[in-house]
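Student: got a predicted structure plus its sequence, pasted below:
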Amino acid sequence: MSHAEHSIAAADAVVPVFPDLRGKVAVVTGGSRGIGAATCLALARSGVRVAINGRDPHALQASVAAVNAAGGEAIAVAADCSQLSQVQAMQAEVERHFGAPDFVLAFAGGGTGRPVPVQDISEQDWRSSIDNNLTSTFFTVKCFLPGLLARGSGAILTMASAGARVASGAPAGYGAAKAGIVMLTRHLAQEVGPQGVRVNCISPSAVLTERTQTALTPERQARMLAGFPLGRLGTPDDVAAASLFLLSDASAWVTGVVFDIAGGRVMV
């Protein structure tokens, strides 16, 4: 066992290791914080080399450092995924360093504040929700898909939300954008399945990332638990574990699904 393998094996990992992923390459957009960062670390522990994308250079370097400290291999690729030219530059950099990736995890996205009545949504907030979620996912897939098709194998994961699955407290623009990602995923899965590429969608509910733990007081978290049959909120590792399953050969006959990581809150 090499030093890198020993370091990864010795890590206190909650997420299972999938041996069939070893030696693969993944690009993870939105990989500098929260769910994305946890997934990058989990991928590295399964022997995947990771290109980590984000916009905050400090958070991005911290995510790369965490992977490297665990014995993995990662590079930082800064880009705003809502800008096609920046995603194209990211693609070129990733392929120059690692070659065409085996896995594309289009996780970049996020909300734009508290929900307001639809008639009060500003044009800027609406466009921001669509661009930062749906458009970012589309540009990422558009740029990296040709490499997967050329190989005739690989997998794509997109990121939706419970806000796309049920009407909830999420802003309407965010829910609409995430619902668009669900349909984009299904359309893409049908289109590229015959060419050996699988496409699935992860859809988390309330996950305790650094940001949400700051936003949700312990009292509010306690009140939310009634809506979750499993009796707890999610963690980034919950989503990372599901992501690795959908990339691995354990899900070799799975494509076009929306995987609700929601503690039972969403049952569709």
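Tutor: Yes, it's here.

Student: pLDDT below threshold where in the stretch 101-250 of the chain?
Tutor: The stretch 101-250 of the chain contains residues with pLDDT under 70 at 112-113.

Student: quick one, helices of it?
Tutor: For the stretch 101-250 of the chain, the helices defined by DSSP state H, counting those that start in this stretch occupy 123-129, 136-151, 162-165, 172-192, 210-215, 218-224, 236-247.

Student: could you dump those helices into a markdown table with mean neighbour count and distance to residue 201 added?
Tutor: In this view, the C-beta of every residue, glycine as well, is placed from N, C-alpha and C. A markdown table is the format used below for these (neighbours: other CB atoms under 10 Å; distance: least, CB to CB, whole Å):
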| stretch | mean neighbour count | distance to residue 201 |
| --- | --- | --- |
| helix 123-129 | 16 | 18 |
| helix 136-151 | 20 | 10 |
| helix 162-165 | 23 | 9 |
| helix 172-192 | 20 | 4 |
| helix 210-215 | 12 | 20 |
| helix 218-224 | 11 | 23 |
| helix 236-247 | 23 | 9 |
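
Student: reformat those helices as TSV; add distance to residue 48.
Tutor: Below are the helices of the stretch 101-250 of the chain laid out as TSV (distance: least, CB to CB, whole Å):
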stretch	distance to residue 48
helix 123-129	31
helix 136-151	15
helix 162-165	27
helix 172-192	21
helix 210-215	23
helix 218-224	32
helix 236-247	8
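
Student: quick check: closest non-adjacent residue to the residue nearest to the spatial centre of the chain.
Tutor: Compute the mean C-alpha point of the chain, and by CA atoms, centre = their mean the closest residue is residue 107, 3.1 Å away. Of all residues beyond its chain neighbours, the one nearest residue 107 is residue 30 (4.0 Å), with distances taken as CB to CB, 6 or more residues apart in numbering.

Student: in stretch 48-62, what's buried?
Tutor: 48, 49, 50, 51, 52, 53, 54, 55, 59, 60 (16 or more other CB atoms under 10 Å).

Student: with respect to residue 116, which of those residues is nearest?
Tutor: residue 55 (25.0 Å; CB to CB).

Student: gap between the closest one and residue 167?
Tutor: Distance, residue 55 to residue 167, using CB to CB, to the nearest Å: 30 Å.
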